[in-house]
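Colleague: predicted model and sequence below, questions to follow.
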Amino acid sequence: MTGWPVDVAFWVLAVGAVWFGWRVFRTDSMVRATFALLVSFLDVGAIMVLLLAEYLGVALFFMMAVEMTVMAIFMVAYMMNPAGLNPMQMVHQPRVAVVAGVLAAAGLAAVAWFADLPSVALVAPQDTIRELGLEVMGESMILMQTAGITLLATMIGAVALTAAHGRFGEATSGSRPPRLDPDAEPVEQEMARPDPHAHHGGHG
C-alpha cells in the first residue's frame, strides 16, 4: 500500500493515537480514560494494517476491544467511585511520569530519525499466515472458544449486576448520589445519623 492517501491516513491515525493516549491522563474518569485508550489502540492497529501487518492489526482490534470493554463494565459494576465517572486523580507520581515519557519519546524519535534501517523489498506472502492461523484456530480451537464464552458470560453477568432493577428491588432504593466535593462529609456518615424528623411508635 503506497501513495499519498496512505501517507495521509498514517499521519491522521498517528496523531489520533497520540492525542487519545494523552487524553487518558487528562480525563478525571476511569471509564472515559478506558475508552480513550481503546481508541488509541485502534489507531495503532489501523497503522499496522497500513504497514501490511494485517494479522497483528486485526488481532489488536479484537483484543483491545474486548479487554477495554470488559474493564469499563467492571469499573461501572464494582468501583467504589460509582460508575467510575466521578472526578478522581488519574495520575500518580506525575513528575516522574512526565520525565519518563519525555525520555522515552526522545529515544524513539532518535531511533526513527537517525537509525540506518534496512530497506528490504516485500515479497509475496508464503504459507506463514496460513500456518499461523491453523496454529491459533486449529489445535487451540477449544481453548479459544472457551475463552470467548467465558468473556461473553462475564460481560452479561456484569451488565445484569448493574441493572436498575434486580431481585432485591430497585438498585437506587435507599441510596444517595456521592459528594463531588472531596472535603464534604461522606454520604455514608450522613445516612448513618438518625433522622430527627422520624416519628416513634405510639405509647402503650
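Modeller: Cool, the structure landed.

Colleague: and G45, how many neighbours does it have?
Modeller: Counted by other CB atoms under 10 Å, the residues lying close to G45 total 24. Any C-beta I mention is one placed from the backbone N, CA and C, and that applies to glycine too.

Colleague: nearest residue to it in space, please, no chain neighbours.
Modeller: With sequence-adjacent residues excluded and distances taken as CB to CB, 6 or more residues apart in numbering, G45 is closest to L60, at 3.8 Å.

Colleague: measure the one you found to E67 for me?
Modeller: Counting by CB to CB, to the nearest Å, the gap from L60 to E67 is 10 Å.

Colleague: quick one, which of these two is more surrounded?
Modeller: L60 (19 against 15).

Colleague: which strands or helices does the helix or strand the more buried one falls within pack on?
Modeller: Using DSSP states H and E, L60 maps to helix 54-78. Of the remaining helices and strands, those touching helix 54-78 by 3 or more CB pairs under 8 Å, 6 or more residues apart in numbering; DSSP states H and E are helix 30-50, helix 141-161.

Colleague: what's near enough to touch the residue nearest to A46 when sequence neighbours are not counted?
Modeller: The shortest distance from A46 to any non-neighbouring residue, by CB to CB, 6+ apart, is to L13 (5.1 Å). Residues in contact with L13 (CB atoms under 8 Å, 6 or more residues apart in numbering) are 43-44, 46-47, 50.

Colleague: same list (those) but as TSV, adding neighbour count, distance to V98 and pLDDT.
Modeller: Output for the contacts of L13, formatted as TSV (neighbours: other CB atoms under 10 Å; distance: CB to CB, whole Å; pLDDT from 0 to 100):
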residue	neighbour count	distance to V98	pLDDT
D43	19	23	91
V44	19	22	91
A46	20	28	90
I47	20	25	89
L50	16	30	87
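
Colleague: which among those residues gets closest to G101?
Modeller: Closest approach to G101 among those (CB to CB): V44, at 16.7 Å.

Colleague: thought that closest one was touching A17?
Modeller: Yes: with contacts counted by CB atoms under 8 Å, V44 reaches A17, the gap being 5.3 Å.

Colleague: buried residues, the helix or strand encompassing W22. List them.
Modeller: Using DSSP H and E, W22 falls within helix 4-24. Across helix 4-24, burial judged by 16 or more other CB atoms under 10 Å covers 9, 13, 16-17, 20-21, 23-24.

Colleague: repeat for stretch 53-66
Modeller: 57, 60-61, 64, 66.

Colleague: what's the average pLDDT for that stretch?
Modeller: Mean per-residue pLDDT for stretch 53-66: 83.

Colleague: now do it: everything it contacts.
Modeller: Contacts of stretch 53-66 (CB under 8 Å, 6+ apart): 38, 41-42, 44-49, 129, 132, 151.
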